[in-house]
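Visitor: here is my input, please return the structure:
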Amino acid sequence: MQAGIGSPARASSSSSGLGSIISPLVQVQDDTLITHLAEELTFVADRKAETERALMEDLLAGLRKEEKLLDADAWKYAAPRSRRTDIS
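Guide: Numbering: from 1, shown residues only. Reported below is the predicted structural model:
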């Protein structure tokens with residue numbers, strides 16, 4: 001078996017050389033990933049807000065329609081304006 005092939009001294013010397021090259025690449029990839037994730041979150045938040053707005057508009061439209069129906073039938077449920085009182 002050759003000395004130095006699996007030794008920690010050789011591994012650390014080779015990795016330190018690669019580390020100086022890979023570190024900036026990892027930083028660039030991290031920045032790109034963070035930028036991409038930020039854009040994705042913004043897109044998701046915008047879609048959520050748009051969906052909530054559409055749902056709220058549909059809900060309000062349905063409620064207005066229901067209100068008109070209740071107003072049209074209100075006369076059925078109104079109490080009489082005058083009551084007859086029996087005098088005994």
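Visitor: count of neighbours near Met56?
Guide: Met56: 10 surrounding residues under other Cβ atoms under 10 Å. No exception for glycine: its C-beta is placed from N, CA and C like everyone else's.
Visitor: meant to ask about Leu63
Guide: 10.
Visitor: can you pull the pLDDT of it?
Guide: With respect to pLDDT, Leu63 has a value of 97.
Visitor: check the gap between it and Ala54 for me.
Guide: 15 Å (Cβ to Cβ, to the nearest Å).
Visitor: also Lys76?
Guide: Where Ala54 is concerned, Lys76 sits at a distance of 34 Å (Cβ to Cβ).
Visitor: likewise for Lys65?
Guide: 17 Å.
Visitor: tell me how many other residues crowd Leu59.
Guide: For Leu59, using other Cβ under 10 Å, the count is 10.
Visitor: tell me which stretches of the chain form strands.
Guide: With DSSP state E as the criterion, the chain has no strands.
Visitor: where along it do the helices fall?
Guide: 8-72, 74-77 (DSSP state H).
Visitor: show me what counts as buried in the last one.
Guide: Pointing back at helix 74-77 there. Neighbour-count burial for helix 74-77, counted by 16 or more other Cβ atoms under 10 Å, picks out no residue.
Visitor: contacts made by that helix with the rest, please.
Guide: Contacts to helix 74-77, defined as Cβ atoms under 8 Å, 6 or more residues apart in numbering, come from no residue at all.
Visitor: try it again at 10 Å.
Guide: The contact list for helix 74-77, computed with Cβ atoms under 10 Å, 6 or more residues apart in numbering, reads Leu70.
Visitor: for that helix, C-alpha coordinates in PDB please.
Guide: Taking Å, rounded to 0.1, in the frame of the first residue of the first chain, the C-alpha atoms of helix 74-77 are listed here in PDB:
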ATOM      1  CA  ALA A  74     -89.200  41.600   2.900                       C
ATOM      2  CA  TRP A  75     -92.900  42.600   2.600                       C
ATOM      3  CA  LYS A  76     -93.800  39.000   3.400                       C
ATOM      4  CA  TYR A  77     -92.100  39.100   6.800                       C
END
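Visitor: great, nothing more from me.
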